[in-house]
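Undergrad: Let's see this in three dimensions:
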Amino acid sequence: MPIFTRHIPALTALALAACALGGCSTMNQKVSAGMADYIPAWAGGLPADAPPRAGTPEYDKFMQERERKRLMPAAERGDAAKPAAPAQNATQ
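TA: Next up, the predicted model:
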């Protein structure tokens, strides 16, 4: 099938649109990462008990608190005792 001169502008416009849309995804990574925080958990977003994002002041505080708790004796941590998971029979 020969390429007619009337197809060249349409192909050029299609190629420019594809390049423009491809550039949007790479340039707005920070925006898309920030928007992901606002998606509700029921729609596949972050759960309520998720730790803060790395590189934020909240993350630094979270890691300091976690290290402090790690260095404490287990009896003083104040965490509720987690019940052992019931053993499941492999034949069920």
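Undergrad: How much space separates I39 from R53?
TA: Distance, I39 to R53, by C-beta to C-beta, to the nearest Å: 14 Å. The way it works is simple: take the backbone N, C-alpha and C, and place the C-beta from them, glycine included.
Undergrad: Hmm, I typed the wrong one, I wanted R68.
TA: Remark: distance between R68 and R53 (C-beta to C-beta) = 21 Å.
Undergrad: of those two, who's got more company?
TA: Between R68 and R53, counting by other C-beta atoms under 10 Å, R53 is the more crowded of the two (13 against 10).
Undergrad: Helix, strand or coil: sort out that one for me.
TA: Following DSSP: H, G, I helix; E, B strand; the rest coil, the label given to R53 is coil.
Undergrad: Tell me who's in contact with the residue lying closest to it once chain neighbours are set aside.
TA: Leaving aside its sequence neighbours, R53 sits nearest to Y59 (C-beta to C-beta, 6 or more residues apart in numbering; 6.1 Å). If a contact means C-beta atoms under 8 Å, 6 or more residues apart in numbering, then Y59 has P51, P52, R53 as its contacts.
Undergrad: Looking at those residues, which one is closest to A43?
TA: Lowest distance from A43 to the contacts of Y59 (C-beta to C-beta) belongs to R53, with 18.9 Å.
Undergrad: Test for you: state the pLDDT assigned to the closest one.
TA: pLDDT, R53: 83.
Undergrad: what separates it from D60, distance-wise?
TA: From R53 across to D60, the span is 11 Å (C-beta to C-beta).
Undergrad: try A18
TA: Going from A18 to D60 by C-beta to C-beta gives 41 Å.
Undergrad: Repeat that for P51.
TA: Distance of P51 to D60, computed by C-beta to C-beta: 11 Å.
Undergrad: returning to that earlier point: mind checking which helix or strand the residue nearest to R53 is in?
TA: Assessed by DSSP states H and E, Y59 sits inside helix 57-71.
Undergrad: that older thread, could you let me know which of the contacts of Y59 ends up closest to A75?
TA: The nearest member of the contacts of Y59 to A75, counting by C-beta to C-beta, is P51 at 24.8 Å.
Undergrad: which intervals of the protein have sub-threshold pLDDT?
TA: 1-3, 22-34, 79-92 (pLDDT under 70).
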